[in-house]
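In: let me see the structure of the following:
(one chain, ligands or ions: 1)
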Amino acid sequence: MTEFTQQLQQSMLPHIRGLDVYQGVEPVEAMAQRAGIPPEKIIRLNGNENPYGPSPAVAQALAAFPNFNHYPDPEQRRLRQALSGYVNVDPERIIAGNGSDELIDMLFRMFIGPGDNIINLTPTFGMYSLGAEICGGQAVSVPRDANFEIDLESVKLAITPRTKAIVICSPNNPTGNMPSEAEVRTLLDTGLLVVVDEAYYEFCGQTVMPLLDEYPNLVVLRTFSKWAGLAGLRIGLGAMHPDLAQTMMSVKPPYNVNLAAEVALIASLENMPALLERVNAIVVERERMAGLLSAIPAVKPYPSRANFILCQLPENSGQRVFDGLCNRGIFLRHWSNPRLKDCIRVSVGLPEESDVVAAALTELTEAANG
Ligand SMILES: *Cc1c(COP(=O)(O)O)cnc(C)c1O
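Out: Sure, this is the predicted structure:
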């Protein structure tokens, strides 16, 4: 480090200096290079992406759109109207984000400062703790039980005067299960801001969106990354009390959602039946893949309501199995933290991909056992 950058480092906020990098999904080319396998042979099931891609209507709409030289509408009029129709919530309650990740970021910046905390129901999606830490706050981890259910009593005990929010991922990434409405209500009754991240709603059909009328402290997040195949274009939505939405509109960068994402979203919503057919195909394949995985003696898949399945592997085999899969060009999600180190998450892809994954897991866990 030069003297100059050392000085910069010292003037940087301490909580920013110490941040861990969020491990996102690598591009296929990088994966291919690492495995020494041509990119077209890579099986990429680590990002819960849609294997069928966006609706064909999206490419047509993008090609035909004449005004990419214009800025997007800072008030998101057309977007909020379209999203309102999709989730059946008034437009004043809705805000569109550059992916739902951006909405998490904006929301936390509205509520969390140095010394504040959120309650994080671990294991769960990594962006919540990172988002809190970027604001100088902390994520207080309340571990889920053996079946990854929320421990409501421990949540209540973990709340401090500096607790600003409880975040619930439903269905939960990476475990695949979801809380009951009664459990969500119990947490809403604490009066704290409760963020329910429904990134995988379309794969389970169960939502707390109707509770918005009852609870001003509820925020529901959705995304078009997973079910609608728009991960690369970045569009999500938040639904909340109109007063909160109004404040959030002034926090948001004026042109946060780009016009390509807006055009793609509207084309997707105008062609719902075809997209929902794909969602259904993914749900059918999830159940078939669960069957394949549970037939492997050393693999225990957890039940899933989303488009991925978390699997328990034999003790101390997680890293070895993960590396073995990578060497074969099969990329799944693996974590180093103690609770998940012997688990692996498989996104639901094409049926032929599930077959290859199941065969590889059979071989690798036999090797791990023997
Ligand atoms: C994928 C995912 C997101 C991110 O969605 P984007 O809209 O692509 O930012 C948010 N929450 C959870 C739980 C996810 O798994």
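
In: interface residues of the stretch 201-350 of the chain facing the ligand?
Out: Within the stretch 201-350 of the chain, the positions near the ligand by Cβ under 6 Å from any ligand atom are 223, 225, 231, 236. Backbone N, C-alpha and C define where each C-beta goes, glycine included.

In: now those as JSON lines including pLDDT, neighbour count and secondary structure?
Out: Conversion of these to JSON lines gives the following (pLDDT from 0 to 100; neighbours: other Cβ atoms under 10 Å; DSSP: H, G, I helix; E, B strand; the rest coil):
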{"residue": "Thr223", "pLDDT": "98", "neighbour count": "24", "secondary structure": "strand"}
{"residue": "Ser225", "pLDDT": "98", "neighbour count": "22", "secondary structure": "coil"}
{"residue": "Ala231", "pLDDT": "98", "neighbour count": "18", "secondary structure": "coil"}
{"residue": "Gly236", "pLDDT": "98", "neighbour count": "26", "secondary structure": "strand"}
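
In: closest one of these to Glu75?
Out: Gly236 (17.6 Å; Cβ to Cβ).

In: which residues does the residue lying closest to the closest one once chain neighbours are set aside contact?
Out: Closest residue to Gly236 apart from its sequence neighbours, by Cβ to Cβ, 6 or more residues apart in numbering: Ser100 at 3.1 Å. Residues near Ser100 by Cβ atoms under 8 Å, 6 or more residues apart in numbering: 197, 199, 221-223, 225, 236-238.

In: nearest to the ligand: which residue in this protein?
Out: Per Cβ to the nearest ligand atom, Gly99 is where the chain lies closest to the ligand, at 2.7 Å.

In: related to what we said a few turns ago, and which of the contacts of Ser100 is nearest Phe125?
Out: Asp197 (6.7 Å).

In: one step back: reformat the residues of the stretch 201-350 of the chain next to the ligand as CSV; add distance to Leu192.
Out: CSV is the format used below for those (distance: Cβ to Cβ, whole Å):
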residue, distance to Leu192
Thr223, 23
Ser225, 27
Ala231, 30
Gly236, 22
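
In: show me which pair in these is furthest apart.
Out: Ala231 and Gly236 (10.3 Å).

In: what touches both of those two?
Out: With Cβ under 8 Å, 6+ apart as the test, Ala231 and Gly236 both reach 99, 225.

In: which other helices and strands contact the longest helix seen in the chain?
Out: Taking DSSP state H as the criterion, the chain has its longest helix at helix 272-294. Using 3 or more Cβ pairs under 8 Å, 6 or more residues apart in numbering; DSSP states H and E, the elements in contact with helix 272-294 are strand 300-301, strand 308-312, helix 351-369.

In: quick check: closest non-adjacent residue to Gly115.
Out: Per Cβ to Cβ, 6+ apart, closest to Gly115 is Arg162, 5.7 Å.

In: right, and that neighbour touches Pro114 too?
Out: No - assessed by Cβ atoms under 8 Å, Arg162 is found out of contact with Pro114, at 9.9 Å.

In: the host helix or strand of Lys164 and the ligand in contact?
Out: Take DSSP states H and E as the rule and Lys164 turns out to sit in strand 163-169. Yes - under the criterion of Cβ under 6 Å from any ligand atom, the ligand is reached by strand 163-169 at Cys169.

In: which residue ranges of the stretch 51-200 of the chain form strands?
Out: Assigned by DSSP state E, counting those that start in this stretch, the strands in the stretch 51-200 of the chain fall at 94-97, 117-120, 138-141, 163-169, 193-197.

In: now the end-to-end length of stretch 39-49.
Out: Start-to-end span of stretch 39-49 (Cα to Cα, to the nearest Å) is 17 Å.

In: show me which positions of it end up buried.
Out: Of all the residues in stretch 39-49, those buried under the rule 16 or more other Cβ atoms under 10 Å are 42-49.

In: can I get the residues you listed in TSV with distance to Val346, secondary structure and pLDDT?
Out: Listed next are the buried residues of stretch 39-49 as TSV, based on distance: Cβ to Cβ, whole Å; DSSP: H, G, I helix; E, B strand; the rest coil; pLDDT from 0 to 100:
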residue	distance to Val346	secondary structure	pLDDT
Ile42	15	coil	93
Ile43	10	strand	96
Arg44	11	strand	95
Leu45	5	coil	98
Asn46	8	coil	96
Gly47	11	coil	97
Asn48	10	coil	98
Glu49	12	coil	98
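
In: ok, and of the residues you listed, which contact the ligand?
Out: Among those, the ligand is touched by Asn48 when using Cβ under 6 Å from any ligand atom.

In: and of the buried residues of stretch 39-49, the nearest to His15?
Out: Using Cβ to Cβ, the buried residues of stretch 39-49 come closest to His15 at Gly47, 27.8 Å.

In: surely Gln7 is in a strand?
Out: No - applying DSSP: H, G, I helix; E, B strand; the rest coil, one finds Gln7 to be helix, outside a strand.
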